[in-house]
Structures are given as C-alpha cells and as structure tokens.
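Engineer: sequence and predicted model, in that order:
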Amino acid sequence: MKVSATQLKIRNAARDLFKRYGLKKVSIEDICNSAEISKMTFYRNFSNKSDIAYKVIENELIIGQNTYDEIMNSDMDFKKKIHEIIQKKNENSQSISMEFLSDIFNSEEADIQKLIQNHTDLSIQKVRIFFNEAKEKNFIRKEINIELLILMINSFAQKMKDPAFLSIFKSPEEAVRELNNFFFYGIMQIPDNE
C-alpha cells in the first residue's frame with residue numbers, strides 16, 4: 001500500500017515519540033506537534049492512536065525482517081552473517097525505551113498482539129531454515145538439536161517481556177546485547193574481532 005508524504009511524516013514523528021516514551025505516554029497532540037500538522041490532518045490519515053501505533057509497529061517489523069532476510073540470504077560466510085545479525089539487533093534496540101517495549105508486549109490491542117505473533121511465527125520459520133542449512137553445511141555442530149535453539153530463542157523473546165528481567169539492565173539495548181552474546185557465546189569470552 002502506497003504511503004503518502006504526509007502519512008510518512010506523521011508515522012516517522014509517531015515512531016520517534018513511541019520509541020522514546022512508549023505508546024501510552026504519547027498523545028495524538030504530541031504526534032501532531034512533532035509532525036507540525038493539525039489534528040484534522042492527522043485524522044484525515046489515521047483513525048486514531050491505535051491505528052498509527054499499529055502502522056508504526058508493522059513498519060518497524062517489516063524493516064527489521066527485510067534486514068535480517070538480506071543478511072541470511074547473502075553470500076557472506078555463516079560467521080559473518082551471525083556477526084551482522086548481532087550488530088543489527090544491537091543497533092535496532094539502541095533507540096528503544098523500556099516503556100516502548102513494555103507497552104508493546106503488554107498491549108491489550110488485539111490487532112497489535114496478532115501482528116507481533118504473526119511476525120514472531122514467520123521469523124521462527126526463517127530462523128529454523130537458516131539454522132538447518134547451517135547444520136547441513138557444517139557451520140554449526142551436526143548433533144545440535146535445532147528445536148532446542150528455537151525454544152531458546154522463544155525463551156529469550158519471553159524474557160524481553162519480563163519486567164523483573166529488564167530491571168537488571170540499564171536499557172533494552174543492554175538486555176538485547178546480553179541475550180545475543182549469551183545465545184551465541186555462552187559464558188565464554190567474546191573474541192576481540194567479534
């Protein structure tokens with residue numbers, strides 16, 4: 001679906017505010033002020049705050065998935081792909097506040113929950129294929145159980161919804177970085193060139 005310049009301007013303003021302050025704390029007036037538009041213009045393009053929140057999250061998920069697809073389907077060697085994926089995950093988490101994460105994962109909006117679940121299901125399918133191919137090509141241990149990896153990834157994703165878990169980190173970026181490092185390196189020292 002084609003997005004007009006005005007819709008893009010509103011969506012970008014909303015995205016920046018949501019990531020910084022969360023969904024609940026940002027009002028339509030805040031979005032209008034940031035985008036330098038009137039409320040009338042906002043309502044000509046979006047039904048309400050839930051509508052713009054859905055479109056912002058949907059767009060962020062699509063951009064993220066396209067980035068990971070590009071890396072996974074590239075000609076890079078497996079180790080480089082893993083390095084790039086970790087880098088992108090860390091970069092993508094840099095501008096996200098704890099409030100944004102909490103509001104998304106604890107959203108009572110059925111459409112947002114369905115959107116996130118569908119995205120998660122699709123991502124898991126792609127990751128399963130990615131690791132199975134890596135196993136066949138001897139990039140990872142032959143005896144490793146891919147379903148264990150998937151369960152661990154799901155478990156880590158659940159941790160990002162846990163306030164007690166998030167409270168031990170200064171930011172979502174730090175939490176994402178620690179989970180990625182733990183998943184790929186365990187408790188071993190990360191090589192300097194990583």
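Structural biologist: Cool, got the structure.

Engineer: can you give me the helices in this structure?
Structural biologist: Using DSSP state H, the helices assigned to the chain run over residues 5-21, 28-35, 39-45, 49-72, 78-93, 98-105, 110-136, 146-159, 163-166, 172-185.

Engineer: give me the helices and strands touching the shortest one, please.
Structural biologist: Meaning helix 163-166. The helices and strands touching helix 163-166, judged by 3 or more C-beta pairs under 8 Å, 6 or more residues apart in numbering; DSSP states H and E, are helix 98-105, helix 172-185. The C-beta positions use only the backbone N, C-alpha and C, and glycine is treated the same way.

Engineer: would you format those helices as a markdown table with distance to Asn138, mean pLDDT and mean neighbour count included?
Structural biologist: What follows is the helices and strands packed on helix 163-166, written out as a markdown table (distance: least, C-beta to C-beta, whole Å; pLDDT from 0 to 100; neighbours: other C-beta atoms under 10 Å):
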| stretch | distance to Asn138 | mean pLDDT | mean neighbour count |
| --- | --- | --- | --- |
| helix 98-105 | 37 | 88 | 19 |
| helix 172-185 | 17 | 87 | 17 |
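
Engineer: tell me which of those helices lies nearest to Asn132.
Structural biologist: helix 172-185 (17.0 Å; C-beta to C-beta).

Engineer: circling back to that earlier point, could I get the helices and strands packed on helix 163-166 as a markdown table with distance to Gly22?
Structural biologist: Listed next are the helices and strands packed on helix 163-166 as a markdown table, based on distance: least, C-beta to C-beta, whole Å:
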| stretch | distance to Gly22 |
| --- | --- |
| helix 98-105 | 3 |
| helix 172-185 | 11 |
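
Engineer: from Arg15, how far out is Asp103?
Structural biologist: 13 Å (C-beta to C-beta, to the nearest Å).

Engineer: picking that back up, so which of the helices and strands packed on helix 163-166 is nearest Val3?
Structural biologist: helix 98-105 (21.1 Å).

Engineer: can you give me the angle that closest one makes with helix 78-93?
Structural biologist: On the basis of axes from the mean of the first three to the mean of the last three C-alpha atoms, to 10 degrees, helix 98-105 is oriented at 100 degrees to helix 78-93.

Engineer: show me the contacts for the nearest residue to Asn12 once chain neighbours are set aside.
Structural biologist: Spatial nearest neighbour of Asn12, excluding adjacent residues (C-beta to C-beta, 6 or more residues apart in numbering): Ala35 at 7.7 Å. Neighbour list for Ala35: 9-10, 12-14, 42 [criterion: C-beta atoms under 8 Å, 6 or more residues apart in numbering].

Engineer: give me the mean pLDDT for stretch 30-40.
Structural biologist: For stretch 30-40, mean pLDDT is 97.

Engineer: all good on my end, thank you.
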